[in-house]
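Enquirer: Sequence unavailable; structure follows:
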């Protein structure tokens with residue numbers, strides 16, 4: 001039986017969660033993102049923020065919370081896009097799912113935008129893979 005945990009006995013407190021993930025890309029794709037990809041990076045940031053806000057409806061076990069802050073940072077570093085997604089809220093439950101959903105969506109948006117540059121002759125994507133997705137901070141403020 002699927003069940004969402006009951007948080008009714010927990011007092012609302014100010015919370016923050018940070019998730020990070022990476023998207024390795026070909027050197028040529030990274031160069032294109034660095035020189036001409038500002039709009040793509042901006043689109044990825046918007047996708048991340050929207051996904052973090054919707055985690056309560058998209059992730060069955062995550063409860064909907066009113067985020068008080070959501071920040072998505074995307075940067076091109078060492079042959080990969082690095083995403084750091086930070087969310088805050090006054091809530092009864094932790095926010096890891098919201099940060100993870102935002103980070104994953106931001107990287108997915110960039111993967112989708114870059115796929116034409118990443119596809120090999122066989123139609124595969126040997127380099128572009130969302131990796132190292134995880135929670136790096138989960139705190140009560």
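Expert: The structure has been received and is ready for your questions. Nothing here was measured: the structure is a model prediction, and the numbers come from that model.

Enquirer: For the rest of this, base every contact and every neighbour count on C-alpha atoms.
Expert: OK.

Enquirer: which residues touch the spatially most central residue of the chain?
Expert: Central residue of the chain (C-alpha atoms, centre = their mean): residue 103, 0.6 Å from the mean position. Neighbouring residues of residue 103 by C-alpha atoms under 8 Å, 6 or more residues apart in numbering: 19, 20, 21, 48, 52, 72, 83, 84, 85, 133.

Enquirer: Assign it to helix, strand or coil.
Expert: Following DSSP: H, G, I helix; E, B strand; the rest coil, residue 103 is assigned to helix.

Enquirer: Need the pLDDT of it.
Expert: Residue 103 is assigned 98 on the pLDDT scale.

Enquirer: how close does it sit to residue 122?
Expert: Note on residue 103: its distance to residue 122, by C-alpha to C-alpha, to the nearest Å, is 29 Å.

Enquirer: Tell me which stretches of the chain form strands.
Expert: Using DSSP state E, the strands of the chain run over 13-24, 67-77, 80-91, 131-140.

Enquirer: Quick one, which of the ones you listed gets closest to residue 116.
Expert: strand 13-24 (14.7 Å; C-alpha to C-alpha).
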